[in-house]
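Chemist: Could you work out the structure for the sequence below:
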Amino acid sequence: MQLLENHAQLIDDIITKQNEFFSSGKTMSRNFRKEALKRLKSSLLEKKDEILDALYQDLGNDRLIGFVKDVGVTIKEIDYIQKHLKKWMKGESRFAGMLSFPAIRARTIPMPRGRTVIISPWNYPILLTFVPLAYSIAAGNTTIVKPSEISVQSSRIINEVIQESFDSAHVACIEGGKEIGSELIKRKHGLIYFIGGEKVGRIIAEAAAKTLTPTVLELGGKSPAIVADDRNLSVTAKRIILGKWINAGQTCVAPDYILVDRKVKDKFMQTMIKELKRMGLDNLENYSKIVNERHFERILSLMDGVKDKIVYGGNSDKDNRKIQLTIIENPPLNHQIMQEEIFGPILPVIEYGNEEELVSIIGRNPTPLALYVFSKDNKFINSIHSKIQFGNGCINDTLFQFGVTGLPIGGVGTSGYGYNKGKASFDEFSRMVSILKKPRWLDTPFFYPPHGKLSKLLTEIIFRTKL
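Modeler: Residues are numbered from 1 along each chain as shown. Below you'll find the model as predicted:
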């Protein structure tokens with residue numbers, strides 16, 4: 001009980017400081033926001049080696065993958081924000097219409113939401129903490145960051161970067177477990193921004209609803225990769241393998257399973273296995289590691305009952321928490337591996353006979369966060385896109401939509417709502433205020449009572465109807 005009271009007091013103290021800081025109006029200045037972003041970028045670059053060491057300790061990422069997936073994309077996104085911030089802060093102008101005459105134009109102006117909360121995940125700890133934080137800062141908010149307690153070393157670095165870059169009245173970091181997060185989401189905030197699993201996302205949405213706090217949720221889902229033809233199968237195989245291999249499949253937009261046209265399935269399987277061997281993925285040393293023992297055991301348990309369907313892989317190293325990329329051919333659709341997000345290096349391959357069957361298989365699962373289609377047939381691609389709800393995706397590739405600077409990434413249905421990255425993310429961290437400005441040196445008497453023939457005529461003209 002004492003520990004819980006200490007957590008509550010810590011959170012309340014930070015909220016009080018941040019409320020006072022926001023009320024001072026300092027965050028409204030574009031120069032203030034740009035300087036804060038500049039300090040954040042500088043700190044990330046100065047601590048690059050420490051960050052990469054932490055990513056290796058937590059996730060076994062080698063330095064190249066660790067830099068690209070977490071640090072590099074984050075830096076590019078901060079640069080993108082700096083380039084576009086002036087334009088975004090201006091808002092938008094539009095014609096006001098005859099009804100508002102003598103006003104000619106109305107405006108929407110982005111205003112800060114106030115105090116935001118970012119609860120970030122363990123799988124891309126740097127990227128998925130500091131990209132949302134950069135957009136929150138750009139929108140003029142104060143922010144409380146709660147990094148994941150699972151990626152211990154990365155969370156420590158996140159805290160150090162925030163402490164060195166910001167006054168805690170502007171941006172504060174609170175490390176800790178679920179008890180901190182549970183206490184944090186009880187409070188009223190301007191926005192809660194969460195990236196993680198559906199189960200926790202539902203808890204956060206329910207808690208936020210009690211205080212009418214808006215939320216952005218980027219969750220997971222079973223994201224399919226559809227192989228519809230045998231064009232450049234080696235390229236197709238390599239791109240799917242890479243999307244699943246990066247971070248040992250612990251990526252919210254990783255291909256969760258493959259759907260392959262029955263006519264090309266055997267050829268595709270042979271190509272997949274050949275490319276896996278060519279990429280050195282027989283060797284467990286060439287893998288990132290599963291983040292902890294619980295997740296390691298969970299992933300292995302997903303293969304219970306379908307081990308006889310393994311056509312490649314299946315090896316694991318418990319001491320180093322590594323699992324070989326494993327291909328499972330045609331597991332039953334009612335098996336657990338086809339009913340929950342895998343979030344690890346297991347790749348079921350399901351064959352389909354026609355488009356109707358393909359859509360039916362995808363429809364059995366929660367809404368995919370990402371959809372990947374490998375095809376040269378634009379008619380087929382457009383048909384699939386029109387029949388399946390999904391958050392984002394690629395044509396003829398996997399994963400790399402997240403590497404496009406400024407491209408908004410978001411989910412739909414059970415895979416979440418709201419956006420990460422791009423102007424859409426700036427808008428999520430803002431509230432749009434609509435303003436109409438009318439001059440007083442000119443007035444129109446037509447709508448003041450009493451209403452005469454001229455008022456009636458003008459109304460008919462404006463609304464194009466007879467009264």
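
Chemist: got a list of what Lys421 touches?
Modeler: 77, 131, 135, 402, 405-409 (C-beta atoms under 8 Å, 6 or more residues apart in numbering). Bear in mind the C-beta positions are built from the backbone N, C-alpha and C, glycine included.

Chemist: Look up how far Asp53 lies from the closest residue to Pro214 other than its chain neighbours.
Modeler: Excluding its sequence neighbours, the residue lying closest to Pro214 (C-beta to C-beta, 6 or more residues apart in numbering) is Leu191, at 5.3 Å. Separation of Leu191 from Asp53 (C-beta to C-beta, to the nearest Å) stands at 32 Å.

Chemist: pLDDT below threshold where in the stretch 201-350 of the chain?
Modeler: Applying pLDDT under 70 to the stretch 201-350 of the chain flags no residue at all.

Chemist: any chance you could map the helices in the stretch 351-467 of the chain?
Modeler: 355-363, 378-387, 422-428, 453-463 (DSSP state H, counting those that start in this stretch).

Chemist: just to revisit the earlier point, looking at the contacts of Lys421, which one is closest to Ile241?
Modeler: Phe402 (17.2 Å; C-beta to C-beta).

Chemist: burial count for that closest one?
Modeler: Close neighbours of Phe402, defined as other C-beta atoms under 10 Å, add up to 20.

Chemist: Please apply the same query to Lys244.
Modeler: Lys244 has 27 nearby residues by other C-beta under 10 Å.

Chemist: again, but for the one 5 residues further on
Modeler: By other C-beta under 10 Å, 25 other residues sit near Gly249.

Chemist: out of everything not next to it in sequence, what's closest to it?
Modeler: Nearest to Gly249 is Pro345, by C-beta to C-beta, 6+ apart, at 4.2 Å.

Chemist: these two touch, right, the one you found and Asn247?
Modeler: No - counting by C-beta atoms under 8 Å, Pro345 does not reach Asn247; the two are 9.3 Å apart.

Chemist: In the sheet, which residues pair with the residue nearest to Pro214? Tell me.
Modeler: Thr116 (DSSP bridges).

Chemist: distance of it from Arg202?
Modeler: If you go by C-beta to C-beta, the gap between Leu191 and Arg202 works out to 18 Å.

Chemist: Tell me which of these two has more neighbours.
Modeler: Remark: of Leu191 and Arg202, Leu191 carries more neighbours, 25 against 13, as counted by other C-beta under 10 Å.

Chemist: Looking at the helices of the stretch 351-467 of the chain, spot the one closest to Ile65.
Modeler: helix 422-428 (23.7 Å).

Chemist: contacting residues around that closest one?
Modeler: 80-81, 84, 88, 110, 131-132, 135, 138-139, 191, 193, 216, 406-408, 410, 418-419.

Chemist: quick check: mean pLDDT across it?
Modeler: Averaging pLDDT along helix 422-428 gives 96.

Chemist: do stretch 139-154 as well
Modeler: 97.

Chemist: Distance from that stretch to the middle of the chain?
Modeler: 15 Å (C-alpha atoms, centre = their mean, to the nearest Å).

Chemist: Give me the buried positions along that stretch.
Modeler: 139-148, 150-154 (16 or more other C-beta atoms under 10 Å).

Chemist: Test my guess that Val145 contacts Ser168.
Modeler: No - taking contacts as C-beta under 8 Å, Val145 lies outside contact range of Ser168: 10.6 Å.

Chemist: So what touches the longest helix along the chain?
Modeler: In the chain, with assignment by DSSP state H, the single longest helix is helix 2-23. Applying C-beta under 8 Å, 6+ apart, the external contacts of helix 2-23 come out as 27, 112, 114-115, 141-142, 144, 167-170, 172, 174, 176, 179-180, 183-184, 187.

Chemist: Among these, name the buried ones.
Modeler: If we count by 16+ other C-beta under 10 Å, the contacts of helix 2-23 have these buried: 27, 112, 114-115, 141-142, 144, 168-170, 172, 174, 176, 180, 183-184, 187.

Chemist: Among those residues, name the ones in helices.
Modeler: Per DSSP H, the subset of these in helices is 180, 183-184.

Chemist: Show me how the record splits the protein into domains.
Modeler: Domain segmentation of the chain under automatic domain parsing yields 2-219+419-431, 224-408.

Chemist: re the thing from before, which one of the contacts of Lys421 sits in the busiest neighbourhood?
Modeler: Counting neighbours by other C-beta under 10 Å, Tyr135 comes out on top of the contacts of Lys421 with 31 neighbours.

Chemist: Can you give me the separation between that residue and Gln82?
Modeler: From Tyr135 to Gln82 the distance is 12 Å (C-beta to C-beta).

Chemist: again with Met89
Modeler: Distance, Met89 to Gln82, using C-beta to C-beta: 12 Å.

Chemist: go on, Lys188?
Modeler: Distance from Lys188 to Gln82, by C-beta to C-beta: 31 Å.
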